[in-house]
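Student: Show me how the following folds:
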Amino acid sequence: MTKMRHLKGKGKYDYDYINDILFFKVKDREYVRSIEFSNMVFDIDLEDFIVGMQIFEASKFLHIPKMYLKDIPKWNCNFTIKNGIVEINLFFQVSMRNKIIEKNPIIQQPTELPNSQISIAVPA
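Tutor: Below is the predicted model:
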């Protein structure tokens, strides 16, 4: 059984309104390559940790109008890679009509990356 590796980091996000691309990444970690899955790209560092991701057509994928993705005040993202499957749990809040809406999509994709757990967070 392969040992589980762990990484925690502070994150940052950006949203490209024109192209509808949502970016999440670990601050102060550089990626050296990327892996593409359907509407997402994962950024991988030298230690084979996922240190960022981009979601294309984010408003459609997350079922949230583009105007609300411009400001995400609180979010965290957890990547778990176990037995060749990457699972992404993305928790974030957007302000819609004076209410806070939480979205928690879970995404699973096959990968050849080693077992690991990565937590990226932005404090409130």
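
Student: among the helices and strands of the chain, which has the poorest mean pLDDT?
Tutor: Across the helices and strands of the chain, mean pLDDT, DSSP states H and E gives its lowest value to strand 99-103, namely a mean of 74.

Student: Kindly point out the strands partnered with that one and how each is oriented relative to it.
Tutor: strand 85-96 (antiparallel) (DSSP bridges).

Student: Sketch out the low-pLDDT regions of this protein for me.
Tutor: Counting by pLDDT under 70, the chain has low-confidence residues at 1-2, 123-124.

Student: the helices in it, which residues?
Tutor: Secondary structure of the chain by DSSP state H: the helices cover 58-62, 66-69.

Student: Name the residues of the shortest one that come out as buried.
Tutor: Using 16 or more other CB atoms under 10 Å as the test for burial, helix 66-69 gives 68-69. Quick note: C-beta positions are derived from backbone N, CA and C, even for glycine.

Student: List the contacts of it.
Tutor: 15, 17, 20, 22, 58-59, 62, 94-96, 101 (CB atoms under 8 Å, 6 or more residues apart in numbering).

Student: Buried subset of these, written for PyMOL?
Tutor: In PyMOL syntax, the buried subset of those is picked out as below (16+ other CB under 10 Å):
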select buried, resi 15+20+22+58+59+62+94
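
Student: how far away is residue 79 from residue 61?
Tutor: Computed as CB to CB, to the nearest Å, the residue 79 to residue 61 distance reads 17 Å.

Student: Apologies, that question was intended for residue 115.
Tutor: 26 Å.

Student: still on that earlier bit, okay if I get the helices of the chain as a markdown table plus distance to residue 27?
Tutor: Converted to a markdown table, those look like this (distance: least, CB to CB, whole Å):
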| stretch | distance to residue 27 |
| --- | --- |
| helix 58-62 | 20 |
| helix 66-69 | 20 |
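
Student: between these, which gets nearest to residue 10?
Tutor: Proximity to residue 10 (CB to CB) singles out helix 66-69 among these, at 20.5 Å.

Student: Extract the CA atoms of that closest one and return them as CSV.
Tutor: C-alpha atoms of helix 66-69 as CSV (Å, rounded to 0.1, in the frame of the first residue of the first chain):
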residue,chain,number,x,y,z
LYS,A,66,-20.9,34.6,-14.3
MET,A,67,-21.5,37.9,-12.5
TYR,A,68,-21.5,36.0,-9.1
LEU,A,69,-18.2,34.3,-9.8
